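The following block contains a protein sequence and its predicted model.
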Amino acid sequence: MRPDRSWLRPVAGLAILGVLVWRIGGEAFVDGLRHVDAWSVTAAAAIAVVTTVCGAWRWVLVSRGLGTELSLRSAVAACYRSQFLNVTLPGGVLGDVHRGVRHGRRGGDLGRGLRSVVWERAAGQVVLVVLTVGAVLLLPSPGSSLPQGESPVPTVLLVAAALAVVAALAVVVARGRRVSGKRPTVRVARDARVPRVSRAGQVAVADLRAGLLGRHTWPGVVAVSTVVVVGHVATFVLAARSAGVTASVGDLVPLALVVLVAMAVPLNVAGWGPREGVAAWAFGVAGLGVAGGVGTAVVYGVMSFVAALPGAALLVTSRRETHRATGVAAEGAVSG
């Protein structure tokens, strides 16, 4: 039996926050909270509606590609519940696990339900990384005023790539353990002599072909994933403006993308940790000030929490419906 090391993830997030407080003090965090206003939070929540619907539609496309039915209405509700759990529980992935398990149980195939979430999130991260690399290479560098030879572009690009690799590995490890042990539902060879790794590889290849790379799937996945990234970047720019950062949008976009990649690393406490650390580093390297990066990340965190609040109401509603259904089933069993 493997020891449970899931507690290491929130500890890592707390360590990052602790180092930031030690190095720059807590004033940047407090200032970030002070800059939150009703207008910016409302605008961020409106943007979140669009990104949530697009993310839900991506999940619908992937699920249908894997052979499971999922309505857009159910997907949107599940995504809101997932977001709320992600911004309130350690690790930042428990909400995704929750919607994968719920979808799998409703469809009668837990493994396929979990894999649909894994592939859906992986597709979004691939699009995010591609856009991040393109933005860092093509957009004007926010550190262009630095002396020659001190441009932050190579460093930012290197860190973005490293974060992408870490995020991908973390997603595979964190969710792959939950999928392992489940019987694959995709039709692959069932020979007992085939090693488990080989069998898992066959399932992954079949999932990619059917769930992501199908001609009726991948164009929609790329399109809605791009809209999701644009929405998150717009929210980040809005957070930067609320935090008092006056840099141009062109300067903020590559920094926002790098921070978004860092947010995919599940080493956080309810979303806090890597986001603030990478924002502080990226803003500092770009010459925009470490405090500005922390303040922007703090405002972004508050916006994300408020935008996810509909998920709390949906969690309460779904729990009541479950209890009601359970009670009706029990009464039927007794009367029968």
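Ah, there it is. Numbering: from 1, shown residues only.

can you list the weak-confidence ranges in this protein?
The chain contains residues with pLDDT under 70 at 1-17, 19-29, 140-197, 319-336.

and with 80 instead?
Applying pLDDT under 80 to the chain flags residues 1-35, 90-92, 136, 138-204, 206-207, 209-212, 214-215, 265-273, 318-336.

Now do the helices in it.
For the chain, the helices defined by DSSP state H cover 8-24, 27-34, 38-65, 72-86, 94-107, 110-138, 153-179, 196-207, 218-242, 249-263, 274-285, 290-307, 309-335.

now those helices in CSV, with mean neighbour count?
For every residue, glycine as well, the C-beta is placed using N, CA and C. Converted to CSV, the helices of the chain look like this (neighbours: other C-beta atoms under 10 Å):
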stretch, mean neighbour count
helix 8-24, 16
helix 27-34, 17
helix 38-65, 20
helix 72-86, 22
helix 94-107, 20
helix 110-138, 21
helix 153-179, 17
helix 196-207, 15
helix 218-242, 21
helix 249-263, 24
helix 274-285, 25
helix 290-307, 25
helix 309-335, 12
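
Roughly how far does residue 247 sit from residue 40?
As for residue 247, its distance to residue 40 is 17 Å (criterion: C-beta to C-beta, to the nearest Å).

scratch that, residue 224
Look at residue 224 and residue 40: by C-beta to C-beta, they are 25 Å apart.

Check residue 114 too.
Distance of residue 114 to residue 40, computed by C-beta to C-beta: 36 Å.

Please apply the same query to residue 108.
Residue 108 sits 44 Å away from residue 40, going by C-beta to C-beta.

swap in residue 98?
Residue 98 is 29 Å from residue 40, by C-beta to C-beta.

Check residue 73 too.
In this structure, residue 73 and residue 40 are 29 Å apart, going by C-beta to C-beta.

can you pull the contacts of the spatially closest residue to residue 103 that is not a sequence neighbour?
Excluding the flanking residues, the one nearest residue 103 by C-beta to C-beta, 6 or more residues apart in numbering is residue 113, at 4.1 Å. Applying C-beta atoms under 8 Å, 6 or more residues apart in numbering, we find residue 113 in contact with 68, 100, 101, 102, 103, 104, 105, 106, 107.

again, only using 6 Å
Taking C-beta atoms under 6 Å, 6 or more residues apart in numbering, we find residue 113 in contact with 100, 103, 104, 107.
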